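Asks: Attaching a predicted model along with its sequence, questions to come.
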Amino acid sequence: MNVVLLDTIWAQALAEMLDPRLSVTIADSKDVSRCGAALAEADVLVSARFNSDMGRAVKHLRLLVCPAAGTEYIDRDALPEGVVLVKGTGHEIAMAEYVIGSIVALRQRFSEADSGLRKGEWRYGFYGGDRMLEELHGSNIGFVGFGGIGQEAARRALAFGMRPAAVTLHPDKPRHEAMDLEFLGKLSEQSDVDQLTAWSDQLVLCCELSPLTKGMFDARRFALMKPSAVIVNVARGAVAVEKDLYDALAGKRIAGGALDVWYQYPSGPGQIRQPSDMPFNKLDNVFMSPHSSGWTQAAKQRRLEAMAQAINEFVRT
């Protein structure tokens, strides 16, 4: 059985974890001729992208493994009938830690306190007068999307004394029953999303990007948020309308944001590029990170193990 690995960042380590009886080909998707030849022989494909050209090229494909958590670059209509799609996992713990850590940083004003003290300014604490910080205990945290990331973050939020609630595509799944949620609504119901938005002190976007969620958070929804609320986006930039998000933060219509996903990206490692045409980097109530919330060594190892297990188990059945 032939396994083709197109995501070269994972390829060598993953190849070493696969059943030695498998035939493994590592191909760079930019090498069109080699990639095309490999696709024609692939029974299993590891790739974060799949389009109509690839759909025409494959002849025997049975399993597509997407290393990424999001599958917005997988054209499901291009997948041949019967192909099983497996999404990447293993990132959930790292991203949940980022969610809670970024909220702590926003509420405790870590960036402001640090930059001030470097200049000798004692902005908070006994010497800061009446400018007080905030606690998470007793506050509301809402999750837009409640898969692995949301559930891991909700468990940690409970440990901080926060009250979690969520909207999800599948609120009836049994896995949610054990979670101590204030309420669980439907991601597809506008009224449920509006209710969660208005209720939350911390609003976490951790859903997949899809036609349903693209632009879901626009000026109307930001106006529903409490002025004291903060937003954390670990989903995809396009879930929030770029200018509307900037305006809400710049105008202090919401208190702050932690943004790990963006609107434009470098074409490759080492390139210098601003993540948005809007000057988020000028805002003092925004914590910015370079799409790195799930980028830990432990998360990488878990992801590799999950992909290897999915492939090895599939080919043995």
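Replies: Yes, it's here.
Asks: Select the longest helix from the chain.
Replies: In the chain, with assignment by DSSP state H, the single longest helix is helix 297-316.
Asks: chain center to that helix: distance?
Replies: On the basis of Cα atoms, centre = their mean, to the nearest Å, helix 297-316 sits 19 Å off its chain's mean C-alpha point.
Asks: start at 3 instead
Replies: In the new numbering, first residue 3, that becomes helix 299-318.
Asks: Show me which residues of that helix are buried.
Replies: By 16 or more other Cβ atoms under 10 Å, the buried positions in helix 299-318 come out as A301, K302, R304, R305, L306, A308, M309, A310, A312, I313, F316, V317. (C-beta placed from N, C-alpha, C; glycine too.)
Asks: Please enumerate the strands of the stretch 103-252 of the chain.
Replies: Assignment of strands within the stretch 103-252 of the chain using DSSP state E, counting those that start in this stretch yields the ranges 142-146, 165-170, 186-188, 204-207, 232-235.
Asks: Pipe those into CSV and attach distance to D55, mean pLDDT and mean neighbour count per row.
Replies: Converted to CSV, the strands of the stretch 103-252 of the chain look like this (distance: least, Cβ to Cβ, whole Å; pLDDT from 0 to 100; neighbours: other Cβ atoms under 10 Å):
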stretch, distance to D55, mean pLDDT, mean neighbour count
strand 142-146, 33, 98, 27
strand 165-170, 33, 96, 24
strand 186-188, 35, 95, 18
strand 204-207, 31, 98, 28
strand 232-235, 31, 98, 26
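Asks: Start and end of stretch 119-128, how far apart?
Replies: 14 Å (Cα to Cα, to the nearest Å).
Asks: Report the contact partners of R158.
Replies: Each residue near R158 by Cβ atoms under 8 Å, 6 or more residues apart in numbering is listed here: A98, E99, V101, I102.
Asks: Most neighbours among those, please name it.
Replies: V101 (29 neighbours; other Cβ atoms under 10 Å).
Asks: Leaving out sequence neighbours, find the closest residue to it.
Replies: A155 (4.3 Å; Cβ to Cβ, 6 or more residues apart in numbering).
Asks: With K216 instead?
Replies: A240 (5.2 Å).
Asks: Equivalent analysis for A200, please.
Replies: A200 sits nearest to L226 (Cβ to Cβ, 6+ apart), 4.6 Å away.
Asks: now, the most widely separated pair of the buried residues of helix 299-318?
Replies: Farthest-apart pair in the buried residues of helix 299-318 is A301 and V317; separation 24.9 Å (Cβ to Cβ).
Asks: I'd say L20 and V6 touch.
Replies: No. The pair L20 / V6 is not scored as a contact, 11.7 Å apart, by Cβ atoms under 8 Å.
Asks: residues near the residue nearest to V101, how many?
Replies: Counted with other Cβ under 10 Å, A155 comes out at 30.
Asks: Next, the contact list for it, please.
Replies: A155 sits next to M97, A98, V101, I102, I143, F145, V206, C208 when contact means Cβ under 8 Å, 6+ apart.
Asks: now those residues in TSV, with distance to L24?
Replies: Below are the contacts of A155 laid out as TSV (distance: Cβ to Cβ, whole Å):
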residue	distance to L24
M97	30
A98	33
V101	37
I102	39
I143	43
F145	38
V206	39
C208	34
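Asks: Quick check: of those, which lies closest to S49?
Replies: Distance to S49 across the contacts of A155 (Cβ to Cβ) is lowest for M97, with 21.8 Å.
Asks: pretty sure that closest one is in a helix, no?
Replies: Yes. M97 forms part of a helix when assessed by DSSP: H, G, I helix; E, B strand; the rest coil.
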